[in-house]
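> I would like to see how this sequence folds:
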Amino acid sequence: MAVAAEIPGYAPGTWDIDPVHSDVSFVVRHLGLTRFRRSVEKYRGEIVTGTSPLDSSVVASVDLTSLDTGLETFNRHLAGPDFLDLQNHPTAEFSSTGLHASGQDFALDGELTIRGITKPVTFALQLHGFGEGIKGESKVSFSASTTIRRSDFGITFDARLGNGRLIVGQDVQLLLEIEAVLRETATG
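Purely as a prediction, here's the structure:
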């Protein structure tokens, strides 16, 4: 089990996700063939590292209206009631419920809300490290991924091709590449 002393540069504190140096994306099978990957442009989050790494937590919000597939017709379909229903549910939310060691890495448990439906998820988390940024600021970096079934979140669009393959696959992989900056605390 990892402890703070075993993680070089580990620092307890509150960290803000840096959207300029991070990526939040999804991958879904298209036509039963292609792995279709796109990123969301707007998101925010807070990571609190505890005295022990296993006491850490994460809360994050993703602005799903910032998703751009590169094809306006598909953007409109994703925004509509068949998929994300952005008029009623413009954001996805995540709040962690626990962190535990998983081999050399970690598993981050939490609750994910999409379309107003909240389900438990576990992200496989790889800590890349703590270090110093260009301006001397404290930074932390990690990757995280999980796979969800879109139907669990009320996305039941199941159009099929003549060969029976789903146009849009059921499984959606969520991929995070996160860099966060230690929040400066005011001293009085």
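
> what's the pLDDT at residue 29?
Note on residue 29: pLDDT of 68.

> er, residue 65 actually
For residue 65, the predicted pLDDT is 91.

> gap between the host helix or strand of it and the chain center?
If you go by DSSP states H and E, residue 65 is part of strand 57-67. How far strand 57-67 lies from its chain's middle: 7 Å, per C-alpha atoms, centre = their mean, to the nearest Å.

> same deal with stretch 138-148?
Worked out by C-alpha atoms, centre = their mean, stretch 138-148 lies 7 Å from the chain centre.

> likewise for stretch 118-132?
On C-alpha atoms, centre = their mean, the centre of stretch 118-132 falls 9 Å from that of its chain.

> buried stuff in that stretch?
Across stretch 118-132, burial judged by 16 or more other C-beta atoms under 10 Å covers 121, 123, 125, 127, 130. For every residue, glycine as well, the C-beta is placed using N, CA and C.

> among the residues you listed, which lie within helices?
Using DSSP state H, no member of these sits in helices.

> so what does residue 78 have for phi and psi?
phi -60, psi -40 (degrees, to the nearest 10).

> change the start of the numbering to 206 and stick with it
Taking 206 as the first residue, the last one we looked at is residue 283.

> count the residues that sit near the residue nearest to it when sequence neighbours are not counted.
Nearest residue to residue 283 in three dimensions, chain neighbours excluded: residue 289, at 5.6 Å (C-beta to C-beta, 6 or more residues apart in numbering). Residue 289 has 23 neighbouring residues, counting by other C-beta atoms under 10 Å.

> which SS class is residue 289?
coil (DSSP: H, G, I helix; E, B strand; the rest coil).

> quick check: closest non-adjacent residue to residue 359.
Per C-beta to C-beta, 6+ apart, closest to residue 359 is residue 320, 4.7 Å.

> just checking, that neighbour touches residue 296?
No - using C-beta atoms under 8 Å, residue 320 makes no contact with residue 296, being 10.3 Å away.

> where are the low-confidence patches of the protein?
Residues of the chain that meet the criterion pLDDT under 70 lie in 206-210, 234-235, 237-239, 364, 371-374, 390-393.

> neighbours of the residue nearest to residue 359, how many?
18.

> can you check residue 251 too?
By other C-beta under 10 Å, neighbour count at residue 251 equals 15.

> look at stretch 284-295 and report the distance between its end residues.
9 Å (C-alpha to C-alpha, to the nearest Å).

> what of stretch 281-288?
10 Å.

> and that stretch, which residues are buried?
282, 283, 284, 288.

> and stretch 340-356, by the same measure?
Across stretch 340-356, burial judged by 16+ other C-beta under 10 Å covers 343, 344, 345, 346, 347, 348, 349, 351, 353, 355.

> could the residues you listed be laid out in CSV, adding secondary structure and distance to residue 378?
Converted to CSV, the buried residues of stretch 340-356 look like this (DSSP: H, G, I helix; E, B strand; the rest coil; distance: C-beta to C-beta, whole Å):
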residue, secondary structure, distance to residue 378
343, strand, 30
344, strand, 26
345, strand, 23
346, strand, 20
347, strand, 17
348, strand, 12
349, strand, 11
351, strand, 7
353, strand, 8
355, helix, 11
